[in-house]
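Participant: Just need the structure, nothing else, for what follows:
(2 chains)
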Protein chains: 2
Amino acid sequence: MKFLIVGAGAVGGYFGARLAEKGEDVTFLVREKRKEQMKKRGLRIQSIHGNTTIQAKTITMEDTGLFDVVLLGTKAYHLENVIETIRPFIHDQTVIIPMLNGIAHLDRLRKAFSTEQVIGGLCFIESTLNEFGDIVQTSQIHRFVFGELNGERSERVKKIEAAFAGTNAMIEVSDSVLTEMWHKYMFITTMSGVTTLYNQPVGPIRELPSGEQVIRGLFAEIGAIMRAVGAPIADQVEEKQWKQMGGVEYEMKSSMQRDMEKGLPIEREHLQGYLLKLAELHQIQAPILATIYTNLLFYHPESS
Amino acid sequence: MKFLIVGAGAVGGYFGARLAEKGEDVTFLVREKRKEQMKKRGLRIQSIHGNTTIQAKTITMEDTGLFDVVLLGTKAYHLENVIETIRPFIHDQTVIIPMLNGIAHLDRLRKAFSTEQVIGGLCFIESTLNEFGDIVQTSQIHRFVFGELNGERSERVKKIEAAFAGTNAMIEVSDSVLTEMWHKYMFITTMSGVTTLYNQPVGPIRELPSGEQVIRGLFAEIGAIMRAVGAPIADQVEEKQWKQMGGVEYEMKSSMQRDMEKGLPIEREHLQGYLLKLAELHQIQAPILATIYTNLLFYHPESS
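Facilitator: Got it, this is the predicted structure:
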């Protein structure tokens, strides 16, 4: 089974390396500069689950080849470029698994390729690239979940599961991957929204009574939007998410917040913006979400 | 008619000086340090309506004397101190006119003194103290409005009006001063709220479609709260305030925002906080107001 990992960043790079470490046939689709870097240093992981250095197979967009599974480990704002870049490497039976946050990319991918080729995926990991391009993975959780969007335990999913079996990471097939994707979407939209609005880690916000009111209010707005579009979210998921936020480390920052601190692009339109569009379409009031989105509009990475 | 101006800052100092300039009997109640400063330099005004230097009469809290009209030109967070400080200078017939923003101080003053002694007041002026303690007044409007809270054109109001007649400022008696106070309260709570939340002048916020949504949403929340408590606000005042905000200079900042930039205390509890308390009392949803108030809680002037 030939895997193509699109991007060798903090997410795709990590899970791809774990898969390669186990001996699967893994190739990374990267840009020339990253290819050179990986050639010189190998693909290195520093992780509390064990360090490793992979002599990774890499290709760039000029190369050729066909793959059975394509894992998308890129940022949402690169999606359109990625779609065009991966086209030559995909055949009729290739399965495309996005690892992106949010939900808007699913429809886009299904339109760009075919409904059947795209399955669901999401991951839970805290990782970053250091100055040498090494992947630094810092907390207990390194989990990747995938599955058919209709929840079916299909033959192709079983094959992919078998390929992942025994990797040094938590890889799971889910029969409700779409629900999990929506749930995560709700959580990170809220988490990134309030932490960037207040320029604070999560702890000081959630411990204020009015901060709790804002967080719960935002969960409620997003829940109302998701239900209006028929998203398969669980009953009372908002309450569970508030509890989940209570369990997050006090000093935890969102990755969007860390990206803003570094002057990097953010997934504003893919996360908050898309939900706000759905809210307008279905005439759902989302005042806190609009307040947060407006704040993100004042962030201009290209000028920072 | 003996006037006592409490504070000789950018607001009370300005209108008090204009009244003294005309020849009325005006005394400023100030702290020792300000007294010394005013003794050395005089009370100086730099204004587009004309500069002036007043050899102002000053007293401090150790002095004695009784006054007919007391104008409160202090910040809301000094209200409790001010109440105790001015007690010795007030007799049964003294009229107290607050010039503070907001509305919560009215009840507090009427309780501390008597219902009859407190009338309504508000002003519209852009002014600040420079490093020498001079008052710098920079835009066309220098307007002070006062009147009985029930709108009556009483004898005492007519006397005060007569004393103010001919001063180099716009001084007006209003038969709807309470309505004007609530309207101004709505405007500055919104203006200071959004400009401090986004750390932007008003122009860039109001020109964004989602910024307009936030501003109008906040006006609507505040309008709902004010109507729930029976405030005498005008029908469709929210729409008028949105238009008024459209007429404000693009680069205009709120005074709360300028105070935050200087690390000074702000009137958070008096403005946003009090409205939010009323909202809770009457179970009105005010998500944008709560989002803004939470942001202000992260401002700690004592530590900056």
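Participant: Wait, residue A:39 touches residue A:60, no?
Facilitator: No - in this structure, residue A:39 is not within contact of residue A:60 by CB atoms under 8 Å, at 11.6 Å. Where you see a C-beta, it was placed from the backbone N, CA and C, and this is true even at glycine.
Participant: all helices of the stretch 151-300 of chain A, in order?
Facilitator: A:155-164, A:177-198, A:202-206, A:209-228, A:237-247, A:255-261, A:274-281, A:287-297 (DSSP state H, counting those that start in this stretch).
Participant: Looking at chain A, which strand is longest?
Facilitator: The residue-count maximum for a strand in chain A (DSSP state E) belongs to strand A:135-147.
Participant: Sheet-wise, list the partners of that one with their directions.
Facilitator: strand A:43-47 (parallel), strand A:120-129 (antiparallel), strand A:170-173 (parallel) (DSSP bridges).
Participant: Pull the number of nearby residues for the residue of the stretch 1-150 of chain A found nearest chain B.
Facilitator: Nearest residue of the stretch 1-150 of chain A to chain B, counting by CB to the nearest CB: residue A:104, 17.8 Å away. For residue A:104, the neighbour count with other CB atoms under 10 Å in any protein chain shown is 20.
Participant: neighbours of the nearest residue to it once chain neighbours are set aside, just the number please.
Facilitator: Spatial nearest neighbour of residue A:104, excluding adjacent residues (CB to CB, 6 or more residues apart in numbering or on different chains): residue A:274 at 4.4 Å. Counted with other CB under 10 Å, the neighbours of residue A:274 add up to 20.
Participant: Quick check: residue A:274 touching residue A:102?
Facilitator: Yes - with contacts counted by CB under 8 Å, residue A:274 reaches residue A:102, the gap being 6.7 Å.
Participant: Run through the residues of chain A sitting next to chain B.
Facilitator: A:197-200, A:204-205, A:208, A:210-211, A:213-214, A:217, A:221, A:276, A:287-288, A:290-295, A:297-298 (CB under 8 Å from any CB of the partner chain).
Participant: now do 10 Å
Facilitator: By CB under 10 Å from any CB of the partner chain, the part of chain A that sits against chain B consists of A:194, A:197-200, A:204-205, A:208-215, A:217-218, A:220-221, A:272-273, A:276, A:280, A:285-298.
Participant: low-confidence ranges in chain A?
Facilitator: Applying pLDDT under 70 to chain A flags the ranges A:303-304.
Participant: go with 90
Facilitator: A:139, A:301-304 (pLDDT under 90).
Participant: quick one: furthest residue from the center of it?
Facilitator: residue A:209 (30.5 Å; CA atoms, centre = their mean).
Participant: OK, contacts around it?
Facilitator: Applying CB atoms under 10 Å, 6 or more residues apart in numbering or on different chains, we find residue A:209 in contact with B:290, B:294, B:297.
Participant: about what we covered before: hmm, residue A:268 and the residue of the stretch 1-150 of chain A closest to chain B touching each other?
Facilitator: No - judged on CB atoms under 10 Å, residue A:104 makes no contact with residue A:268 at a distance of 12.0 Å.
Participant: Outline the domain layout of chain A.
Facilitator: Per the record, chain A has its domains at A:2-175, A:180-303, by automatic domain parsing.
Participant: Can you add distance to residue B:149 and give these back as JSON lines?
Facilitator: JSON lines is the format used below for the domains of chain A (distance: least, CB to CB, whole Å):
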{"stretch": "domain A:2-175", "distance to residue B:149": "54"}
{"stretch": "domain A:180-303", "distance to residue B:149": "31"}
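Participant: ok, which stretches of the stretch 1-150 of chain A are helices?
Facilitator: A:12-21, A:32-41, A:79-86, A:104-112.
Participant: Relative to the whole chain's centre, how far out is the third one?
Facilitator: Spelled out, that is helix A:79-86. Here the centre of helix A:79-86 is set off from its chain's centre by 16 Å, with CA atoms, centre = their mean, to the nearest Å.
Participant: Same check on stretch A:8-20?
Facilitator: Between the centre of stretch A:8-20 and the centre of its chain there are 13 Å (CA atoms, centre = their mean).
Participant: which residues touch the residue nearest to residue A:104?
Facilitator: Per CB under 10 Å, 6+ apart, neighbours of residue A:274: A:76, A:102-105, A:185, A:189, A:225, A:267-268.
Participant: before we move on, the earlier item: buried residues, the longest strand of chain A. List them.
Facilitator: A:135-137, A:142, A:144-147 (16 or more other CB atoms under 10 Å in any protein chain shown).
Participant: which pair in those spans the largest distance?
Facilitator: Maximum pairwise distance in those, criterion CB to CB, is 28.4 Å, between A:136 and A:147.
Participant: Need the residues touching each of residue A:274 and residue A:102.
Facilitator: Joint contacts of residue A:274 and residue A:102 (CB under 10 Å, 6+ apart) are A:76, A:185, A:189, A:267.
Participant: What about the second one, how many residues nearby?
Facilitator: Pointing back at residue A:185 there. Neighbours around residue A:185, by other CB under 10 Å: 23.
Participant: can I assume residue A:18 is in contact with residue A:163?
Facilitator: No - using CB under 10 Å, residue A:18 is not in contact with residue A:163; the gap is 11.7 Å.
Participant: Good, wrapping up.
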